[in-house]
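K.L.:
3D, please:
(2 chains)
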Amino acid sequence: MKGFNISKYSKPFILVAFVLILTALRPTTFPTVGNIANVLWSVSVIGIMVCGTIFVFLVGGIDLSIATLCGFSAVVVVEVIHFFGDTTLGVLAGVIAAICVGAMAGCVHGFIITTFNIPAFLVTFASQSVFLGLSMVITNNKIVSCTAPAAFTAIGAMKVFGFPLPIYFMLVIAIASWYVLRKTEFGRYIYAVGGNATASEISGINVKKSTILCYVFSGITTAIGGIVLASMTQQAAAATGSGYTNDVITAGVIGGVSLLGGVGTVPGAIFGAVLMGLLNNGLNLMSVPSTHAGLVKGLVIIIAVGFDAMQHRDQSRKRAGFRLFKKKAA
Amino acid sequence: MNGINQNTLRRLISIGMLAVLLVLFTILIGAGSGKFLSQENLIAIVRDASVPGIIGVGITYVIITSGIDLSTGSAIALVGMVMANIYAYTLLPIPIMILMGILTGLACGLVNGYIVARMEIPEFIGTLATMSVFRALTYVIAIRDVNGVIKSQPMNVSQYTFLGNTIDGTPSGLPYVCIALALFVIVGQIVLRHTRFGTYIYAVGANKKAATLSGINVERVRMMVYVITGFCVSIGAVFTTARLQSATTALGTDFEFSPIAAAVVGGVALSGGSGDVVGTLIGALFMAALENGVRKLDMNTAFQYIIKGVIIVLVVMFDATYKARMDRIAKEKGAKEGLE
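P.N.:
Next up is the predicted model:
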């Protein structure tokens, strides 16, 4: 019980400590308005995506196609806008098309995983290659720039009350997924499926439908992330979003989402996204090249998941020990 | 149906798939042109299948224990870059350089094994993390010019590059890497099928708890299969860099997919406990022939990514349905026999 309380308050503490360390290390460059906006941008893309993929994590699945699906939806939105001659209508059509692509991708993932009972990582690992190929075919393996309609560039760049628009997207999506998970029947089903799929099936939950829906949510948020990313950079290519798979998974894991399913909350995931944003920004300010950043991020994943696995092990040991003790007492 | 062993049937299916693919490409590309069905091209296909096949031996072991290794592509780059550093900055002889490369591969495998078996981190997430760690380490130790820009390090001493060549030196001859492949497959298959360690691998994959209770050191077996994969990776890296005559940071990008695809196509079940090295060899040949054919058809290389992904999913879907059907048949048969 004691440990639980400490871990409950450890998150804000870690965040403050992180900010203080970065401020101390880079007093002239870190605590500036421009840099904080940078952090928020980075956080918002990861945050948007993790709010959807948390559903997949909660049912014990995984989505390794985040990066290339993000790139593919970025390519789709930009190409559709060009198709409509850079008009505002085109932006609307592009956004809808990209979200549909994301939802469809999620639907296919969910369907294959649940119908054929195939490990999620393999299906999404294979589809990652498919999405990459599709984006390469569509763009002819070139970078497609898109600077024209103001409605498109505003998605990533416009500021409302001093904060970039993507932050508001993230907040809206976070609140929506928090509401679904905490306040609806469907949300409770998801936790139940992740906790014990067989037990949920027996108690009348449609496990297959719930799982497919989770992958659809993940696909949609990944697509939104792709749209925002394309708008921020005003371009799209097959490589757009590369590296985000690890970032999103790491954000979830740092935020206390268990990859074994059934454990995790949206605020936790957002905390993870903020920490990832700070980590990315910090590495950047320390002039660590992006090619070297994988070292730090990989180690963070190993430590975070290792910690989670250790706690699981300790808990099961404790439970076993408790039973033993009770038996003796009786 | 009942007379034939399930594993034999699966082997026949993968051989059939390879045969169908070869016939299909021969027709599509034109049998008369000799562009596909010629001795030279068939050797080229075997050559392309060699590195995935060699690493596939280790991956087969890993998958049979119901694990996975996504870090092989990055580990190839790291091994290559370690050897390039030794080549560029020391006067050590080539065999020592190769030995250091092998040690690096073993270390990569040990790290993966420790993370997966000792720390009990889910296989795919642990090796996904080491995938980015190994790649980043490659960048860290990459060889740079005076301006600090990463350059590709040539390794063009004939004592080393002969490994990437054919035995008789002609382009139509048998490459050394194919002999290595044959060696790895034969030894790998014998170890898997005819040694105690091989039996342990199957036992761990089929049921970890039962394996532990029967006195198998599950943790050590799981660790060993990753170390073996690390060894296979280092040999693959030696042949790759010898052929390219250089080591780059991009070496092995998107490679991690190939040996897994080979194993899956060859009938190594991801749920663990079944499949063997020969199956993976057939799978590697299948994937190499597919890539070769797509290239010969002058299709956009992007289609390779799409086709590869789709084929993996289709084969896995087929395997899952097939396995469920076989289990049902076995159950029904068992029930009938029980009634009688």
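
K.L.:
quick one, helices of the stretch 101-250 of chain A?
P.N.:
Assigned by DSSP state H, counting those that start in this stretch, the stretch 101-250 of chain A shows helices spanning A:120-139, A:150-157, A:165-183, A:185-195, A:197-202, A:207-233, A:244-254.

K.L.:
nearest to A:Ile21, out of those?
P.N.:
Between A:Ile21 and the helices of the stretch 101-250 of chain A, the shortest gap by Cβ to Cβ is with helix A:244-254, which sits at 16.0 Å. C-beta coordinates here come from the backbone N, C-alpha and C atoms, glycine included.

K.L.:
and for A:Leu20, the neighbour number?
P.N.:
Residues contacting A:Leu20 under the criterion other Cβ atoms under 10 Å in any protein chain shown number 10.

K.L.:
my guess is A:Val43 meets A:Phe271, correct?
P.N.:
No: with the criterion set as Cβ atoms under 8 Å, A:Val43 and A:Phe271 do not qualify as a contacting pair; they are 10.4 Å apart.

K.L.:
sorry, back to before: for B:Lys308, find the nearest of the helices of the stretch 101-250 of chain A.
P.N.:
Checking those against B:Lys308 by Cβ to Cβ gives helix A:120-139 as the closest, at 5.5 Å.

K.L.:
name the nearest residue to A:Phe30, sequence neighbours excluded.
P.N.:
A:Leu22 (4.7 Å; Cβ to Cβ, 6 or more residues apart in numbering or on different chains).

K.L.:
on the pLDDT front, check B:Ala242 for me.
P.N.:
Here, the pLDDT recorded for B:Ala242 equals 91.

K.L.:
cool, A:Ile54 as well?
P.N.:
According to the per-residue confidence, A:Ile54 scores 94 in pLDDT.

K.L.:
do A:His292 as well
P.N.:
83.

K.L.:
before we move on, what about A:Ile303?
P.N.:
pLDDT, A:Ile303: 85.

K.L.:
try the one 3 residues further on
P.N.:
Reading off the per-residue confidence, A:Gly306 sits at a pLDDT of 83.

K.L.:
which of the helices or strands spans it?
P.N.:
Under the criterion DSSP states H and E, the helix or strand holding A:Gly306 is helix A:290-329.

K.L.:
which parts of the stretch 51-200 of chain B sit against chain A?
P.N.:
B:68, B:70, B:115, B:119-122, B:124-126, B:128-133, B:135-137, B:139-140 (Cβ under 8 Å from any Cβ of the partner chain).

K.L.:
now with 10 Å?
P.N.:
Within the stretch 51-200 of chain B, the positions lying close to chain A (Cβ under 10 Å from any Cβ of the partner chain) are B:66, B:68, B:70-71, B:74, B:111, B:114-115, B:118-126, B:128-140, B:142, B:150.

K.L.:
OK, contacts around A:Val207?
P.N.:
Listed by Cβ atoms under 10 Å, 6 or more residues apart in numbering or on different chains, the contact partners of A:Val207 are A:Val59, A:Thr114, A:Tyr189, A:Ala192, A:Val193, A:Ala197, A:Thr198, A:Ser200, A:Glu201.

K.L.:
roughly how far apart are it and B:Phe257?
P.N.:
Separation of A:Val207 from B:Phe257 (Cβ to Cβ, to the nearest Å) stands at 30 Å.

K.L.:
and for B:Thr72?
P.N.:
Using Cβ to Cβ, which is the criterion applied here, B:Thr72 is 9 Å from B:Phe257.

K.L.:
which of these two has more residues huddled nearby?
P.N.:
Set B:Thr72 next to B:Phe257 and count neighbours by other Cβ under 10 Å: B:Thr72 wins out with 34 against 21.

K.L.:
pLDDT value on the residue nearest the centre of chain A, please?
P.N.:
Nearest to the mean C-alpha position of chain A, by Cα atoms, centre = their mean, lies A:Val50 at 2.2 Å. A:Val50 is assigned 94 on the pLDDT scale.

K.L.:
that one touches A:Thr221, doesn't it?
P.N.:
Yes: when contacts are counted by Cβ atoms under 10 Å, A:Val50 is listed as touching A:Thr221 (8.0 Å).

K.L.:
distance of A:Tyr168 from A:Met158?
P.N.:
If you measure A:Tyr168 against A:Met158 using Cβ to Cβ, the figure is 10 Å.

K.L.:
how about the strands in the stretch 101-250 of chain B?
P.N.:
B:153-154, B:246-247 (DSSP state E, counting those that start in this stretch).

K.L.:
what is the last one packed up against?
P.N.:
In this case it means strand B:246-247. Counting contacts by 3 or more Cβ pairs under 10 Å, 6 or more residues apart in numbering or on different chains; DSSP states H and E, strand B:246-247 is packed against helix B:72-89, strand B:153-154, helix B:218-244.

K.L.:
how about the helices of the stretch 101-250 of chain A, which one is nearest B:Ile307?
P.N.:
Closest to B:Ile307 of the helices of the stretch 101-250 of chain A is helix A:120-139 (Cβ to Cβ; 7.8 Å).

K.L.:
report the contact partners of B:Val271.
P.N.:
To be clear, residue B:271 is Ser; Val isn't right here. If you count contacts by Cβ under 10 Å, 6+ apart, B:Ser271 has them with A:Asn117, A:Ile118, A:Pro119, B:Ile63, B:Ser66, B:Gly205, B:Ala206, B:Asp319, B:Ala320, B:Lys323.

K.L.:
can you do 7 Å?
P.N.:
Contacts for B:Ser271 (Cβ atoms under 7 Å, 6 or more residues apart in numbering or on different chains) come out as B:Ser66.

K.L.:
backbone phi and psi for it, please?
P.N.:
phi -80, psi -10 (degrees, to the nearest 10).

K.L.:
any chance of the helices and strands packed on strand B:246-247 in TSV, with distance to B:Cys178 too?
P.N.:
Written out in TSV, the entries for the helices and strands packed on strand B:246-247 read as follows (distance: least, Cβ to Cβ, whole Å):
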stretch	distance to B:Cys178
helix B:72-89	18
strand B:153-154	25
helix B:218-244	10
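
K.L.:
helix or strand for the residue nearest to the centre of chain A, which one?
P.N.:
Counting by DSSP H and E, the element that carries A:Val50 is helix A:33-58.

K.L.:
that helix: what's the following helix or strand?
P.N.:
helix A:66-83.

K.L.:
helix A:207-233 and that next one, what's the angle between them?
P.N.:
Per axes from the mean of the first three to the mean of the last three Cα atoms, to 10 degrees, the angle that helix A:66-83 makes with helix A:207-233 is 60 degrees.

K.L.:
return the residues of the stretch 1-150 of chain A in contact with chain B.
P.N.:
When proximity is defined as Cβ under 7 Å from any Cβ of the partner chain, the stretch 1-150 of chain A approaches chain B at A:112, A:116-119, A:121-123, A:126-127, A:129-130, A:132-134, A:136-137, A:141.

K.L.:
got a PyMOL select line for the buried ones in the residues you listed?
P.N.:
In PyMOL, selecting the buried portion of the residues of the stretch 1-150 of chain A next to chain B, with burial taken from 16 or more other Cβ atoms under 10 Å in any protein chain shown, looks like this:
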select buried, chain A and resi 112+116+118+119+121+122+123+126+127+129+130+132+133+134+136+137
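
K.L.:
poorly predicted segments of the stretch 1-150 of chain B, please.
P.N.:
Scanning the stretch 1-150 of chain B for pLDDT under 70 picks out the ranges B:1-4, B:31-32.

K.L.:
which one is residue 300 nearest to, not counting chain neighbours?
P.N.:
Unless you meant another one, I'm taking chain A. Counting by Cβ to Cβ, 6+ apart, the nearest residue to A:Val300 once its immediate chain neighbours are dropped is A:Thr250, at 5.8 Å.

K.L.:
try again with chain B
P.N.:
Nearest one to B:Asn300, counting by Cβ to Cβ, 6+ apart, is A:Val137 at 6.1 Å.
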